[in-house]
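>>> Sequence first, then the predicted structure, then my questions.
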Amino acid sequence: MRSYIFLISFFLLTLQLKSQSTINLCKGDIHNFSVPFTNGSVYNWQIQNPLIANISSGNGTEHITLDLNNSGVVQLLVEEIDLNGCVGYDSILIHVHDLPEANISVLGSSSFCEGDSVQIKLENDFTYNIWNNGLSTPFIYADTSGFFFTTVIDSNGCSNTSNSIYINVEPKPLADYFIVGDYCVNTPIQFINTSAVNSGANSTLIWYFDNKIRSGDTVIQFYNTAGTYSTELLIISDLGCSDTVNKTFTIFNNPVASFTFHPTEISILNPNVNFINTSVDLISSFWDFGDSTISLLDNPTHEFDNPGAYDVLLTVSDINQCVDSVVHKVMVYYDYILYIPNTFTPNNDGENDLFGPKGLRMNKYMNYQFIIYNRWGEEVFFTEDVSDNWSGEGSQDGVYNWVVIITDELGRVRKEVGEIMLIR
């Protein structure tokens with residue numbers, strides 16, 4: 001509400017009055033009016049229409065305060081009576097104007113995503129206006145959250161404030177992800193979402209892999225050929241705000257693992273094998289010989305302790321950390337060696353006093369039976385212990401038959417028979 005002081009010229013009755021002047025004021029304002037002060041004078045003020053304006057204070061003095069309550073034209077009169085009883089008059093016409101009606105509107109939605117903006121415009125033309133953000137244009141573009149309004153001034157100098165509009169700017173999500181895995185052909189690669197969203201907001205994730213579209217926080221992708229690829233992640237919040245991120249990466253070919261070995265005929269009597277690494281584009285090698293032993297040498301030599309079929313695995317890696325592997329089966333054959341003499345002399349001279357089979361790796365036999373019969377087919381000795389031999393005790397000199405039945409360490413059943421001459 002504004003307050004002004006207006007000075008009214010005063011003329012004595014004996015003087016010719018000038019034509020009455022008019023001033024333009026605004027409804028709702030408070031104005032001060034005054035005339036030149038003369039010592040001893042009394043001042044009587046009158047308002048023609050008290051519905052339009054009323055004197056709120058100062059009547060009887062040279063200075064009054066006038067409240068402007070409604071629009072219209074009203075006359076303000078002042079009478080001065082000096083010490084000599086002389087009387088003078090003056091008046092002024094006051095045109096009280098309605099306040100301007102300022103309306104603003106949004107050209108679009110008042111709620112949108114960060115990075116966008118919306119136009120707010122003043123619907124009528126005025127002499128001057130200023131927005132609460134400091135601009136003095138007929139329209140503005142709002143790109144932040146908050147209340148927006150403008151104050152206008154019309155041609156009468158009256159001012160008013162427009163309606164207020166709240167603009168809600170929703171924060172955008174920030175799309176991002178990282179990649180886990182080796183950038184190699186036919187190797188699984190994980191794409192893991194690390195996007196930032198407003199607290200409590202839900203979001204939709206869409207992944208673009210060349211011609212494929214995937215969804216989810218984490219996706220796994222395979223690439224069958226080497227080359228340069230790009231992946232885009234689109235994140236959309238539940239309020240419709242979105243962001244994208246695109247990353248480019250290179251997929252490399254794998255090295256080619258291969259090896260040979262010699263000799264190819266391997267047995268427990270000849271257990272050492274030379275492995276020759278013939279792989280392409282390798283920088284490191286890892287061997288698993290299938291017998292709980294490994295090697296990191298490029299071309300190792302390995303000794304197999306037991307017969308059997310071994311899956312020898314070679315894994316190689318290259319400068320890009322891509323890997324390849326190959327498996328070859330290596331057969332280590334069992335050397336079946338069993339020596340049984342044809343004569344023994346149990347005479348306690350410390351030489352050739354016991355009779356029994358001698359062989360290679362007999363302690364590895366799965367089953368063992370050693371039986372001796374006399375010439376009448378009677379069993380004179382039996383054992384299942386490879387370390388137990390026949391002493392000939394209680395037996396006469398002569399020819400005896402023996403039988404050896406074994407199950408070797410590979411599970412093969414073998415039977416040997418023969419004769420032994422006992423000589424004391």
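Nice, I can see it.
>>> hey, let's count contacts and neighbours off CA atoms from now on
Noted.
>>> got the end-to-end distance for stretch 56-63?
End-to-end distance of stretch 56-63 (CA to CA, to the nearest Å): 11 Å.
>>> Now do His302 against Ile294, distance only.
The value you get for His302 to Ile294, if CA to CA is used, is 9 Å.
>>> So which residue is dead centre in the protein?
With distances taken as CA atoms, centre = their mean, the residue of the chain nearest its centroid is Thr194 (1.0 Å).
>>> Show me the domain layout of the chain.
Domain assignment for the chain by automatic domain parsing gives 3-97, 104-170, 177-251, 259-333, 338-422.
>>> Rebuild those domains as a markdown table, extending it with mean pLDDT.
Below are the domains of the chain laid out as a markdown table (pLDDT from 0 to 100):
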| stretch | mean pLDDT |
| --- | --- |
| domain 3-97 | 83 |
| domain 104-170 | 95 |
| domain 177-251 | 92 |
| domain 259-333 | 95 |
| domain 338-422 | 94 |
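>>> Distance check, Ala24 against Ile47.
Careful, residue 24 is Asn; it's not Ala. Using CA to CA, which is the criterion applied here, Asn24 is 16 Å from Ile47.
>>> out of the two, which sits in the busier spot?
Taking other CA atoms under 10 Å, Asn24 and Ile47 do not tie; Ile47 has more neighbours (17 against 13).
>>> And for that one, nearest residue in space, chain neighbours not counted?
Using CA to CA, 6 or more residues apart in numbering and skipping the chain neighbours, the partner closest in space to Ile47 is Leu76 (4.8 Å).
>>> next structured bit after the host helix or strand of that neighbour?
Assigned by DSSP states H and E, Leu76 belongs to strand 72-81. Using DSSP H and E, the helix or strand that follows strand 72-81 in sequence is strand 87-97.
>>> neighbours around Asp210, how many?
The tally of other residues near Asp210 (other CA under 10 Å) stands at 10.
>>> which ones are touching it?
Tyr229, Ser230, Thr231 (CA atoms under 8 Å, 6 or more residues apart in numbering).
>>> now swap in Asn156 and tell me
Asn24, Leu25, Cys26, His97.
>>> Bridged to the last one, which residues?
Spelled out, it's His97. Cys26 (DSSP bridges).
>>> So it sits against Leu25, correct?
Yes: taking CA atoms under 8 Å as the definition, His97 is a contact partner of Leu25 at 6.2 Å.
>>> So which of the two has more stuff around it?
Using other CA under 10 Å as the criterion, His97 and Leu25 rank with Leu25 on top: 24 against 19.
>>> List phi and psi for Asn363.
Main-chain dihedrals, Asn363, degrees, to the nearest 10: phi -70, psi -10.
>>> How about the secondary structure of the residue nearest to it when sequence neighbours are not counted?
Computed as CA to CA, 6+ apart, the closest residue to Asn363 that is not its neighbour in sequence is Val386, at 7.1 Å. Classification of Val386 using DSSP: H, G, I helix; E, B strand; the rest coil returns coil.
>>> Unless I'm misreading it, Val386 sits right up against Lys364, doesn't it?
No: the pair Val386 / Lys364 is not scored as a contact, 10.0 Å apart, by CA under 8 Å.
>>> which one of the two has more residues nearby?
Val386 (19 against 13).
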